[in-house]
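> The following block contains a protein sequence and its predicted model.
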Amino acid sequence: MSDPVADFLAREQDVLAGIDGAPVPAAAAQQAVPPMDNGQFNGFEELNGGGDSGVDLTALDGMHIPPTRHSASTTPSPLMINSVPKVEPEKIRKWREEQKIMLEKKDEAEEKKKEEMRAAAKKELDDWYAQRAEQLRKTKAANRKAEQELLNDRDSNEGGAEWDRIAKLCEFNTKNSKNTSDVSRRVWPDAGELFSLLEKQDGMLSILLAEVDVCKAEIASLRTQVHTTDSVAGVANADTVDEANRLKEVCKSALYSAEQLKKRNEELEAELTAVKAKVGRPSVQINESFEAFDKVGDELSKSRFEIDNLTRELQSTKSELEFAKEACASKQAHIDRINESCREEHTRMANEVSRLQQKLAEEKLRSERLVAENSSVQARLSVVSASEADKDALINDYARRLAEESASRKRDASVLTARLAVLVDENTTLRAALMARRADAAHNNEQSPYVDGLLEDQRALIATLKEECALLAATLKSNRAQYKKEVKQLKSENSDLTTQLERFISGE
């Protein structure tokens with residue numbers, strides 16, 4: 001029959017030996033808890049805002065208590081021989097499961113926060129690029145509008161407005177200009193957006209600092225709970241080295257308590273054997289001792305659980321602080337990128353302003369050249385206007401002469417038409433008389449020589465009239481063709497002169 005007190009002490013011996021580097025019994029070598037690594041104590045570096053205390057905790061953690069040497073003649077303790085396999089209590093198993101679930105939830109929350117921060121940063125960057133594109137579009141539209149207004153003012157024909165346009169082009173005061181913004185006292189083009197980003201970063205940093213303060217408060221409360229336990233001796237110190245030494249002292253005191261409990265257990269075993277030999281049943285004192293041992297074991301388990309919980313909390317706090325540092329670094333990198341883009345935008349705007357000033361100087365020289373050309377064109381225009389007036393007078397004179405000649409031709413044609421009508425009437429009368437004469441001659445079978453002579457004269461007159469009409473028609477046709485040709489030539493010359501005048505006026 002195994003002793004529960006011996007079993008409990010054996011389990012605690014294994015756990016404490018794994019913590020402080022004590023020798024592990026052979027029977028419990030496979031179930032010993034692995035020693036605490038440096039990460040469990042390095043978490044104290046973050047308690048005071050990440051400051052360094054000046055003590056090498058890594059070297060301090062490497063120091064172990066020398067193992068207790070036993071003589072070869074020492075008889076193995078029955079506690080080591082009669083040890084049973086370690087069975088994890090139900091409470092510890094539930095606590096481990098709850099801690100695992102809590103850590104998984106914290107990891108999920110951290111991943112969710114990371115994704116939210118990435119999405120917020122991406123959204124801010126996209127909004128900045130959209131605002132920048134909108135600003136560029138508005139600037140381009142304003143530049144096009146100003147260029148169109150400049151071209152309209154240049155092409156206007158108002159007299160005496162050339163120097164006004166030149167004075168408008170020579171406006172270098174950006175504060176009074178309607179087309180450019182005041183960049184004389186501005187360092188960054190998008191200062192408002194940069195300030196809004198800095199305000200958001202300050203808000204995020206304040207939230208992270210509040211979470212760090214909450215974690216520090218929880219760690220301080222856990223440390224206070226550890227200090228108030230009965231198994232921990234000494235007063236907590238503010239220094240991180242004393243805190244680490246205190247934890248080691250707790251482990252040492254627990255090991256010493258286990259040794260004392262082992263000796264006390266041997267004494268109680270001897271007394272129990274004697275009492276069993278005498279009485280044959282456990283007495284009330286033995287039951288009370290069992291209860292006291294159980295209480296001490298529970299207190300030791302609670303202390304160990306609290307130490308493990310404190311270590312895990314420190315590790316989780318350290319991971320949260322590292323995450324906060326990474327988030328701050330990413331925010332700073334984002335702000336650096338924004339600053340770099342603002343510098344590039346500022347450089348580009350300065351280059352654009354210098355280019356516009358150079359273009360303005362070129363336009364000024366061009367306007368002066370255009371003024372000189374305009375004066376020469378005005379002189380040429382006056383000459384062309386005089387020649388145009390002469391040509392107009394010549395065209396009017398020629399048109400007047402053509403009209404007079406056409407009127408005289410029309411009068412001749414009307415006279416010829418009247419003569420032709422008279423001749424037609426006479427011809428009709430003569431034909432009627434001829435027909436009557438022919439009828440009489442046919443009736444009398446006689447031919448009068450007078451009638452024959454009259455007919456010959458009529459034929460000759462008709463032939464003469466036909467020749468005159470044909471000659472007059474040919475003359476009219478040739479005069480009409482020549483008139484059309486001259487009118488067409490004059491129209492082409494007039495259109496050419498009009499085109500030249502328009503070119504001179506437009507300045508091409």
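All right, it came through fine. Predicted model only: the values in this text are computed from it and were never measured.

> can you tell me the average pLDDT over stretch 318-329?
Averaging the model's pLDDT scores along stretch 318-329 yields 77.

> Restricting to C-alpha, output that stretch in PDB.
C-alpha atoms of stretch 318-329 as PDB (Å, rounded to 0.1, in the frame of the first residue of the first chain):
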ATOM      1  CA  LYS A 318       6.100  41.200 -23.700                       C
ATOM      2  CA  SER A 319       4.500  40.000 -26.900                       C
ATOM      3  CA  GLU A 320       1.900  42.700 -26.800                       C
ATOM      4  CA  LEU A 321       4.600  45.300 -26.300                       C
ATOM      5  CA  GLU A 322       6.600  43.900 -29.200                       C
ATOM      6  CA  PHE A 323       3.500  44.100 -31.300                       C
ATOM      7  CA  ALA A 324       2.900  47.700 -30.200                       C
ATOM      8  CA  LYS A 325       6.500  48.500 -31.100                       C
ATOM      9  CA  GLU A 326       6.100  46.900 -34.600                       C
ATOM     10  CA  ALA A 327       2.800  48.800 -35.100                       C
ATOM     11  CA  CYS A 328       4.600  52.100 -34.100                       C
ATOM     12  CA  ALA A 329       7.500  51.200 -36.400                       C
END
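
> list the buried ones in it?
Neighbour-count burial for stretch 318-329 flags 318, 320-321, 323-324, 327 (criterion: 16 or more other Cβ atoms under 10 Å). Where you see a C-beta, it was placed from the backbone N, CA and C, and this is true even at glycine.

> residues in contact with Leu402?
Under the criterion of Cβ atoms under 8 Å, 6 or more residues apart in numbering, the neighbours of Leu402 are Tyr483.

> where's it, which helix or strand?
Secondary structure assigned from DSSP states H and E places Leu402 in helix 284-444.

> Rank the helices and strands of this structure by mean pLDDT and give me the bottom one.
Confidence across the helices and strands of the chain bottoms out at helix 39-42, with a mean of 41, counting by mean pLDDT, DSSP states H and E.

> and the following helix or strand past the helix holding Leu402, average pLDDT?
Tracing the chain past helix 284-444, the next element assigned as helix or strand by DSSP H and E is helix 449-506. For helix 449-506, the mean per-residue pLDDT is 79.

> same deal with stretch 352-360?
Per-region confidence: stretch 352-360 scores 86 on mean pLDDT.

> Report the secondary structure state of Glu88.
For Glu88, the reduced secondary structure class is coil; criterion used: DSSP: H, G, I helix; E, B strand; the rest coil.

> What about it? Give its phi and psi, please.
Glu88 has phi and psi values of phi -80, psi 130 when expressed as degrees, to the nearest 10.

> What confidence value was assigned to it?
In the predicted model, Glu88 carries a pLDDT score of 74.

> Leu454: neighbour count?
For Leu454, the neighbour count with other Cβ atoms under 10 Å is 15.

> whoops, I mixed them up, Ala121
Neighbours of Ala121 under the rule other Cβ under 10 Å: 17.

> Which strands and helices lie in contact with the host helix or strand of it?
Assessed by DSSP H and E, Ala121 sits inside helix 90-155. Using 3 or more Cβ pairs under 8 Å, 6 or more residues apart in numbering; DSSP states H and E as the contact test, the elements touching helix 90-155 are helix 162-169, helix 191-228, helix 284-444.

> give me the low-pLDDT residue ranges for the chain?
Under the criterion pLDDT under 70, the flagged ranges of the chain are 1-2, 4-5, 15-86, 154-294, 296-297, 300-301, 303-304, 438, 441-451, 507-508.

> ok, 50 please
Across the chain, the stretches falling below the confidence threshold (pLDDT under 50) are 20-82, 187-189, 229-239, 279-283.

> domain ranges for it?
Here the domain parsing of the chain from automatic domain parsing is 97-153, 390-506.

> Of these, which is nearest Arg380?
Proximity to Arg380, assessed across those by Cβ to Cβ, is greatest for domain 390-506 (6.4 Å).

> returning to what we had before: what angle sits between the helix holding Leu402 and helix 449-506?
Here helix 284-444 points in a direction 160 degrees away from that of helix 449-506 (axes from the mean of the first three to the mean of the last three Cα atoms, to 10 degrees).
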